[in-house]
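Enquirer: what's the 3D shape of this:
(chains A and B)
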Amino acid sequence: MSRTRARIAATLALTAVLLVLPLFVEKYYVQFATRILIMAIFAMSLDLLVGYAGLVSLGHAAFYGFAAYVLALLSPQYDAASLWTSLPLAVGAAALVALAIGSLALRTSGVYFIMVTLAFAQMLYFVFHDTKIAGGSDGVYIYVRPVAELFGWRPFSLENVTHFYYLTLALAAMVVVALAVVLRSPFGKVIAGIRVNEQRMRSLGYATLRYKLACFTMAGGLAGVAGYLAAAQHGNVNPDMLGWHQSGSGLMMVILGGMGTLAGPIVGACAMLALEIAFQGFTKHWQLLMGGFIVLVALFMPRGLIGLASAWKRRRGDGE
Amino acid sequence: MELGTVAIQVLNSVQYGLLLFLIASGLTLIFGIMGIINLAHGSFYMVGAYLAWSLAEHLGSLWLAIPAGIALSVAIGVLLEWLLISRLYRRDHLYQVLLTYGLILIAEELRSVVWGDDVHGVAVPAALSASIPLTETLSYPVYRLWISAVCVLLALGMYWLIARTRIGMTIRAGASNREMVASLGINIELVYRLVFALGVALAAFAGMIAAPVSSVFPGMGNQVLIVCFVVVVIGGIGSVKGALVGALLIGFVDTFGKVAEVSIGTFRLLPDLAGMSIYVLMAVVLLWRPEGIFGRRLK
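Expert: Below is the predicted model of the structure:
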């Protein structure tokens, strides 16, 4: 009882901090917080696969990057795309790509699935890297951010850092709520059942492939939300957004935070980006430190920061 | 295409395919026997190429660099298995992916610290620098033929090691039942360590002999790793025979994808989309046999 109450209190406190943040910090930090939120959306979408459905995908950046490219292609040069049409289109396109890749990749499982998802993401990478569809290896620039115009009325502008932050925050909150609802629904229970024992779920009469594919498509669409926002924020889209370093660091965020939890990916995204900045300040060869850190997490922190916190709480509880 | 050009591309395909086989066979053995998915496998290929380059500079010849490089890469393999990989045998694939992803970052950055970020060329050894004339204008370098020959010899040697020797028997037994082998008094940890070191050495060796052909550049390992994943998915994971067939298939599809010209209307399909061709092949195999051509049926 007190645990749920503590959790509600923590959630409310965090929400309050996030809501008032732009009032108290400089622009740079608002932008940094926006980046964290975007990565949190990406990590949450990946956690739906890795943590909840037990599907280890190493190609999740494909959907993130694809949505980013959709925005770039929808934006007229030196003019803005409409937020209300481009966002759903980008997310829908990412979900469609996920449906296509998922229907092939989900024919396999386990270690095959890991390799096949990575390979298909790499294929998309080559599509944008080798052809002139969108600037080849240099990528393309989005000179003007999408506008949110409704019948001549502009409720907010993405050129404004604070407005962009609040839009990202709202979308992140929507993703959290959507995931919470989905995971509590009968669909979510089936997904959890598939992770634990797919054979048994199948013998109970569930068409498990269809559930997994629905889950994969949904995760792809949500990754598309993150990709769209990232493209709009940076104003530049390049093939690296589809690359496997993006997928790898997403996986790292999920595990560092704590997979299979709603808060985990958010904590993980925050911790990873903060660490990146810290390591970069330390040395030019910061990837060395990051690599070492990842190895240590894989060996000693399988349940992530959330897992550490609950283990610590349990130990304290035993002591009383 | 002329006949001479086709002949050259066929030889190139075989050479590329056999080289891929050396790398992919290590990947597939390490998975088939130890149950480990090793993302850092491509990094060993890169390390091999850089070792060949820097050792050849110091020792004066590629012939001296190769044995020294093999000794070093076996040492790296043994050390990594003992220090890190051996802790992953009972863990989920997810953690194997994460740890070996960390190793890639470390390898890439160490490469940058030790050898820098430049592209380097390695000279073809004088004894193999000749070319065999095919037609009046076309000729084929002996060095590439030598690569193919060495790869075939190694493939035969590997088959002999696994199928015909006592060590190979132990390795195969260890793959099917680790506990039983251990309880028969065989040091299974040592066997695993050797298999891992063998895989590392194969990948590094591939990098060394490829260095004069492909040059030595940052990120070369990751490129090759993903191609090897495609090879293993097509051939069936754990199957060395599958790796051979998959690697040769990829060799042909990739090489001819880059030289063939195919258009639909005004849209040039090949060679513009050549980078995609091997993934299309993988998709076809997945539709036909998701477990790979020589793979065991998935449940």
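Enquirer: how about the strands in the chain?
Expert: All of this refers to chain A. Along chain A, the segments classed as strands by DSSP state E run A:140-141, A:147-150, A:153-157, A:236-237.
Enquirer: not quite, I wanted chain B
Expert: Using DSSP E, the strands of chain B run over B:131-133, B:139-141, B:262-264, B:267-270.
Enquirer: just put the ones you listed in CSV and tack on mean pLDDT and distance to residue A:314.
Expert: No exception for glycine: its C-beta is placed from N, CA and C like everyone else's. Shown next, in CSV, are the strands of chain B (pLDDT from 0 to 100; distance: least, Cβ to Cβ, whole Å):
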stretch, mean pLDDT, distance to residue A:314
strand B:131-133, 87, 71
strand B:139-141, 89, 66
strand B:262-264, 78, 63
strand B:267-270, 73, 59
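Enquirer: which of those strands is buried the deepest?
Expert: Highest mean neighbour count among these (mean count of other Cβ atoms under 10 Å in any protein chain shown): strand B:139-141, with a mean of 17.
Enquirer: for residue 111, give me its contacts.
Expert: Picking chain A for this. Counting by Cβ atoms under 8 Å, 6 or more residues apart in numbering or on different chains, residue A:111 makes contact with B:31, B:37, B:93, B:237.
Enquirer: oops, wrong one, chain B.
Expert: Each residue near residue B:111 by Cβ under 8 Å, 6+ apart is listed here: B:46, B:47, B:50, B:218.
Enquirer: what's the separation between the closest residue to the first one other than its chain neighbours and residue B:105?
Expert: Pointing back at residue B:46 there. Spatial nearest neighbour of residue B:46, excluding adjacent residues (Cβ to Cβ, 6 or more residues apart in numbering or on different chains): residue B:221 at 3.3 Å. Counting by Cβ to Cβ, to the nearest Å, the separation of residue B:221 from residue B:105 is 12 Å.
Enquirer: select the longest helix from chain A.
Expert: helix A:208-234 (DSSP state H).
Enquirer: okay, buried residues for it please.
Expert: A:208, A:211-234 (16 or more other Cβ atoms under 10 Å in any protein chain shown).
Enquirer: stretch B:240-253 too?
Expert: Neighbour-count burial for stretch B:240-253, with 16+ other Cβ under 10 Å as criterion, is recorded at B:240, B:242-253.
Enquirer: can you give me the helices for chain B?
Expert: So, for chain B - with DSSP H - the helices run B:3-34, B:41-59, B:62-83, B:93-115, B:142-164, B:166-176, B:178-183, B:188-214, B:220-235, B:240-259, B:277-288.
Enquirer: the helices in chain A, which residues?
Expert: Here chain A has its helices, by DSSP H, at A:2-24, A:27-47, A:61-74, A:83-105, A:110-130, A:161-184, A:186-196, A:198-203, A:208-234, A:244-257, A:263-282, A:286-300, A:304-319.
Enquirer: highest mean neighbour count out of the ones you listed?
Expert: When those are scored by mean count of other Cβ under 10 Å, the highest mean neighbour count falls to helix A:61-74 (a mean of 28).
Enquirer: picking that back up, okay, the helices of chain B in TSV with mean pLDDT next?
Expert: Formatted as TSV, the helices of chain B follow (pLDDT from 0 to 100):
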stretch	mean pLDDT
helix B:3-34	91
helix B:41-59	94
helix B:62-83	94
helix B:93-115	94
helix B:142-164	93
helix B:166-176	87
helix B:178-183	88
helix B:188-214	93
helix B:220-235	92
helix B:240-259	91
helix B:277-288	89
